[in-house]
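Undergrad: Prediction below, plus the sequence it came from.
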Amino acid sequence: MKIALGSDHAGFELKAALLPVLAERGYEVLDLGAADGTTSVDYPDFGAAVGRAVVEGRADAGIAICGSGVGISIAANKVPGVRAALVHDVTSARLAREHNHANVLCLGARVIGSVVAMDAVAAWLDASEGEGRHLSRIDKISALEQPNLKKE
């Protein structure tokens, strides 16, 4: 499985800490930057890059990190086909995969510590996409991306 991984400058250290953890778990990582944490960069660029890598099939899933996780999740979710979830703990990470079929996990490096982040990533990667009642909800989310939506 290949994971697209990207961050802005605020998420650089957490991204760097996740690289060996992902490799240790057997994942191939597509590192989409930022190249360093000393130069200020714009989180929308990296959220979009991670999202595009996933929907274009260059990666199976993505992880995007900025200071709060909010901006990068908004940017990633602008890419049609992305279901990016900002998570703060193991439970929200697991449920993001099981209930929402999140294909991009977003983290706030200034909000959660690296241990919590690594546990959340592990929970998300280990979880399975749920079926049953969740599928109709995922279909409704996907339908929101379609042009000419009928209002109900």
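TA: Okay, I see it. It should be emphasised that the depicted structure is a prediction, and the values quoted were computed from it without experimental measurement.

Undergrad: Give me the helix or strand of the protein that scores worst on average pLDDT.
TA: Least confident helix or strand, the chain: helix 133-143 with a mean of 83, by mean pLDDT, DSSP states H and E.

Undergrad: And it, what's buried?
TA: Neighbour-count burial for helix 133-143 flags I138 (criterion: 16 or more other Cβ atoms under 10 Å). C-beta here means a position set from N, CA and C on the backbone, and glycine is covered the same way.

Undergrad: Residues contacting it, please?
TA: 83, 98-101, 149 (Cβ atoms under 8 Å, 6 or more residues apart in numbering).

Undergrad: roughly how far out does that helix sit from the chain middle?
TA: 19 Å (Cα atoms, centre = their mean, to the nearest Å).

Undergrad: buried set for stretch 45-61?
TA: 45-54, 59, 61.

Undergrad: Those in helices, which ones?
TA: Using DSSP state H, 45-54 are the members of those that sit in helices.

Undergrad: Including distance to A109 and pLDDT, could those go into CSV?
TA: Below are these laid out as CSV (distance: Cβ to Cβ, whole Å; pLDDT from 0 to 100):
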residue, distance to A109, pLDDT
D45, 16, 98
F46, 12, 98
G47, 14, 98
A48, 18, 98
A49, 17, 98
V50, 15, 98
G51, 18, 98
R52, 22, 98
A53, 20, 98
V54, 20, 98
